[in-house]
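**Q** any chance you can model this:
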Amino acid sequence: MSRKSRENETMSQISIKLPKELLEKYNHYARSKSNPRSYYMREALVEYMERKEKEK
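**A** Numbering: from 1, shown residues only. Sure, this is the predicted structure:
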């Protein structure tokens, strides 16, 4: 699925627990970029799921 089509999708909210160190790294990365944190988390999850699908 392309980035453009994901931008127009209806979104649902989730909550996850992360180790403090990982969250701090993630926050630092997201603050250094131009998109919101949720954008980078969504991109990471999409890439992960695409890799998993290829493993099947």
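**Q** for the rest of this, base every contact and every neighbour count on C-alpha atoms.
**A** Will do.
**Q** the residue sitting nearest the centre point of the chain: helix or strand, and which one exactly?
**A** For the chain, the residue lying nearest the average C-alpha position, counting by C-alpha atoms, centre = their mean, turns out to be M41 (1.7 Å). Using DSSP states H and E, M41 maps to helix 37-55.
**Q** as a whole number, average confidence for that helix?
**A** The average pLDDT for helix 37-55 rounds to 95.
**Q** by contact count, what packs against it?
**A** For helix 37-55, the elements it packs on are helix 20-31, judged by 3 or more C-alpha pairs under 8 Å, 6 or more residues apart in numbering; DSSP states H and E.
**Q** what's the helix it packs on in contact with?
**A** Here helix 20-31 makes contact (C-alpha atoms under 8 Å, 6 or more residues apart in numbering) with P36, R37, Y40.
**Q** run the last query once more with 6 Å
**A** For helix 20-31, the external contacting residues (C-alpha atoms under 6 Å, 6 or more residues apart in numbering) are R37.
**Q** let's have the chain start at 50 instead
**A** In the new numbering, first residue 50, that becomes helix 69-80.
**Q** tell me the buried residues in that helix?
**A** Residues A79 are the ones in helix 69-80 that count as buried (16 or more other C-alpha atoms under 10 Å).
**Q** dump it to CSV, restricted to CA.
**A** What follows is helix 69-80, C-alpha atoms only, in CSV (Å, rounded to 0.1, in the frame of the first residue of the first chain):
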residue,chain,number,x,y,z
LYS,A,69,11.9,3.8,28.4
GLU,A,70,15.2,3.8,26.4
LEU,A,71,13.5,2.8,23.2
LEU,A,72,10.8,5.5,23.6
GLU,A,73,13.4,8.1,24.3
LYS,A,74,15.3,7.1,21.1
TYR,A,75,12.0,7.2,19.1
ASN,A,76,11.0,10.6,20.5
HIS,A,77,14.4,12.0,19.7
TYR,A,78,14.2,10.7,16.1
ALA,A,79,10.7,11.9,15.5
ARG,A,80,11.4,15.4,16.9
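**Q** how big is the angle separating it from helix 86-104?
**A** Between helix 69-80 and helix 86-104, the angle comes out at 110 degrees (axes from the mean of the first three to the mean of the last three C-alpha atoms, to 10 degrees).
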